[in-house]
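>>> Take this sequence and fold it.
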Amino acid sequence: MTIQDYLRILRRWGWIVAAAMILAGGAAFGVSSLQEKMYRATVQVSTVPARPDWGLGNTAKDLMRNFALNIRTWEMAERVIARAQLDMDPGDFLSRVAVSPDSSTFTIKIEARDRDPEVAKLMALSLADEFVDERTAYYAQQDKRDRIEVKIVSRAIPVEQYRPKPLLNAVAGSVLGLLLGVAIVLGLTWMEADLLRTPEAVERTLGLPVLGTIPADEASAPSPARPRGAPLPTHSAANP
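Numbers count the residues shown, from 1 in each chain. Model (predicted):
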């Protein structure tokens, strides 16, 4: 297809693409605006070996996966709920908590989510405090050289709203609408390609020159040639 063909398609079907983008973006924005707000609080827990030993460091890295597993236990959730006096059951608490270890920095990220930002912050800090107290009590019985120092990196933790995000969803909806509109236009163009509507289409499809065309409207057809020697047509005037 030539550039002129693309321009013709754009002039003819461009409104479909624009309408699809506007409708999809507006729908995504409207649905997002109706969603309930959710907040997320994140706290970092440091698990650094007491001495710079290669073997102890590797042991600490291996233990981090076990730490993350123990943090998300039913018993731990029960103790945190009692400690922070939260109005929820352990299953509900664990469904709002995510724990991810990072062996490259010897840190464990604890993330808590709730409709109330203060509750989310309380959940994250209480869970981190319970884990730190448990590990500190355990390593207090071990040799100082074999301990792993567990502590909260900072208690000034960020709390952010992560849902809903109407503007971001509106942009994503518009992009989806753009793709849908383009698909519709391509489908219409593909169906129309099978119709030989113009001489140019016939020549492009068949590769043969067009010698003549038949007008679609009889009124636009040229008058038939008058045989040589035939009398001119006469029109009788109506008597008054």
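
>>> where along this structure do the helices fall?
All helices of the chain, identified by DSSP state H, fall at 3-34, 54-71, 74-84, 90-95, 117-139, 166-193, 199-206.

>>> Just name the most buried of those helices.
Across these, averaging neighbours per residue (mean count of other CB atoms under 10 Å) puts helix 117-139 on top, at a mean of 19. Every residue, glycine included, has its C-beta placed from N, CA and C.

>>> mean confidence for that helix?
On average, the pLDDT along helix 117-139 is 93.

>>> Packing partners of that helix?
On a contact count with 3 or more CB pairs under 8 Å, 6 or more residues apart in numbering; DSSP states H and E, helix 117-139 meets strand 38-49, helix 54-71, helix 74-84, strand 97-102, strand 107-114, strand 148-152, strand 159-163.

>>> hey, least reliable of those by pLDDT?
Among the helices and strands packed on helix 117-139, helix 54-71 scores lowest, at a mean of 78.

>>> what residues does it touch?
With contacts defined as CB atoms under 8 Å, 6 or more residues apart in numbering, helix 54-71 is touched by 47-50, 76, 99-103, 106, 108, 110, 127, 131, 135, 146, 148.

>>> chain center to stretch 178-190: distance?
Put simply, stretch 178-190 sits 21 Å off its chain's centre (CA atoms, centre = their mean, to the nearest Å).

>>> for stretch 78-87, that is, sorry about that
Chain-centre distance of stretch 78-87: 35 Å, with CA atoms, centre = their mean.

>>> With only the CA atoms kept, save that stretch in PDB.
Taking Å, rounded to 0.1, in the frame of the first residue of the first chain, the C-alpha atoms of stretch 78-87 are listed here in PDB:
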ATOM      1  CA  GLU A  78      -1.000 -14.400  66.200                       C
ATOM      2  CA  ARG A  79       1.700 -12.800  68.300                       C
ATOM      3  CA  VAL A  80       1.800  -9.700  66.100                       C
ATOM      4  CA  ILE A  81      -2.000  -9.200  66.300                       C
ATOM      5  CA  ALA A  82      -1.800  -9.500  70.100                       C
ATOM      6  CA  ARG A  83       1.100  -7.100  70.300                       C
ATOM      7  CA  ALA A  84      -0.400  -4.400  68.100                       C
ATOM      8  CA  GLN A  85      -4.000  -5.100  69.200                       C
ATOM      9  CA  LEU A  86      -5.200  -5.500  65.600                       C
ATOM     10  CA  ASP A  87      -8.800  -6.300  64.800                       C
END
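
>>> Identify the residue spatially nearest to the spatially most central residue of the chain, adjacent ones excluded.
Note on the chain: the residue nearest the mean C-alpha position is Ala172, at 6.0 Å, using CA atoms, centre = their mean. Leaving aside its chain neighbours, Ala172 sits nearest to Ala28 (6.4 Å; criterion: CB to CB, 6 or more residues apart in numbering).

>>> thinking again about what came up before, need the helices and strands packed on helix 117-139 in a markdown table (columns: distance to Ala183).
A markdown table is the format used below for those (distance: least, CB to CB, whole Å):
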| stretch | distance to Ala183 |
| --- | --- |
| strand 38-49 | 33 |
| helix 54-71 | 44 |
| helix 74-84 | 47 |
| strand 97-102 | 37 |
| strand 107-114 | 36 |
| strand 148-152 | 51 |
| strand 159-163 | 29 |
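
>>> Nothing else from me, thank you.
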